[in-house]
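Visitor: heads up, no residue letters with this:
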């Protein structure tokens, strides 16, 4: 428990928000991301004062990626304001951030599980995808998790399918293009029309592979996927 840090965070709340805004993270107070940040702050203060705690996520529906970006900006702003003591602030906040995002991801996954297709439907779709010569990836538009991939994608990236499905799009995106990949997922999450872009992924060795990518939005029972068809 670190009540002194909790007290400092409460005192510096406005300054932390100004610092986050200074680097370009400004949230609409009515947005789901702002609500996620408010709950993270409450969770953090409670945990620092009283010890082990579980985040309150009831009724919160938010993109995990967007919530994580807002929370990361707040944590980094707090570390910056702490000056020489920045690491002493970032270490406990980083651990609490990881706990909160893990709980948020689990909550989102539980909601999505209710809308999962039947095994027979999944098999039919997978068989059709496997026959596509182009690279095919399906990514959750909120979390970026890779939820499906065809053999062409596995061959291009040098990864077995289970290994690929254990990753997020951010993890296989070329570092130079991560912001653009994130923007593409945001566009799909927001209901955009199909997009076309030239973006790169990295294979298992870290070598980049630039692709001509076409992204289409697919929504079923509350879950939005970005369907990505690409060719070198």
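Guide: That came through, no problem. For clarity, every value in this text was computed on a predicted model and none was experimentally measured.
Visitor: what helices or strands is the helix or strand containing residue 219 leaning on?
Guide: Assigned by DSSP states H and E, residue 219 falls within strand 208-220. For strand 208-220, the elements it packs on are helix 178-189, strand 195-202, strand 223-231, judged by 3 or more CB pairs under 8 Å, 6 or more residues apart in numbering; DSSP states H and E. C-beta here means a position set from N, CA and C on the backbone, and glycine is covered the same way.
Visitor: Can I get those in TSV including mean neighbour count?
Guide: Shown next, in TSV, are the helices and strands packed on strand 208-220 (neighbours: other CB atoms under 10 Å):
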stretch	mean neighbour count
helix 178-189	19
strand 195-202	17
strand 223-231	21
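Visitor: What mean pLDDT does the strand holding residue 219 get?
Guide: What strand 208-220 shows for mean pLDDT is 90.
Visitor: okay, the angle between that strand and strand 223-231?
Guide: 140 degrees (axes from the mean of the first three to the mean of the last three CA atoms, to 10 degrees).
Visitor: The residue sitting nearest the centre point of the chain: what's it in contact with?
Guide: Ranked by distance to the mean C-alpha position of the chain (CA atoms, centre = their mean), the top residue is residue 65 at 2.7 Å. Residues in contact with residue 65 (CB atoms under 8 Å, 6 or more residues apart in numbering) are 142, 143, 144, 182, 185.
Visitor: give me phi/psi at the residue nearest to the first one when sequence neighbours are not counted?
Guide: The shortest distance from residue 142 to any non-neighbouring residue, by CB to CB, 6 or more residues apart in numbering, is to residue 63 (4.2 Å). In terms of degrees, to the nearest 10, the main-chain angles of residue 63 are phi -60, psi 130.
Visitor: I'd like to know how far residue 63 sits from residue 206.
Guide: 28 Å (CB to CB, to the nearest Å).
Visitor: which one of those two has more residues nearby?
Guide: residue 63 (23 against 8; other CB atoms under 10 Å).
Visitor: Surely residue 9 forms part of a helix?
Guide: Yes. With DSSP: H, G, I helix; E, B strand; the rest coil as the criterion, residue 9 is part of a helix.
Visitor: For it, give me the pLDDT.
Guide: So, for residue 9, pLDDT stands at 89.
Visitor: what's the answer for residue 138, then?
Guide: 91.
Visitor: and it, what element?
Guide: Going by DSSP H and E, residue 138 is part of strand 135-140.
Visitor: Report the inter-axis angle for that strand versus helix 178-189.
Guide: 70 degrees.
Visitor: With residue 139 as the reference, measure out to residue 171.
Guide: 11 Å.
Visitor: Between those two, point out the one with more neighbours.
Guide: Between residue 171 and residue 139, residue 139 has the larger neighbour count (other CB under 10 Å), namely 26 against 14.
Visitor: Just list the residues touching the more buried one, thanks.
Guide: 145, 146, 147, 168, 169, 185, 225, 226, 228.
Visitor: Give me the neighbour count for the fourth one.
Guide: To tie it back to what came earlier, the one meant is residue 168. 17.
Visitor: residue contacts, it?
Guide: 139, 143, 144, 145, 146 are the contacts of residue 168 under CB under 8 Å, 6+ apart.
Visitor: How about the first one?
Guide: Contact partners of residue 145, counting by CB under 8 Å, 6+ apart, are 139, 167, 168, 169.
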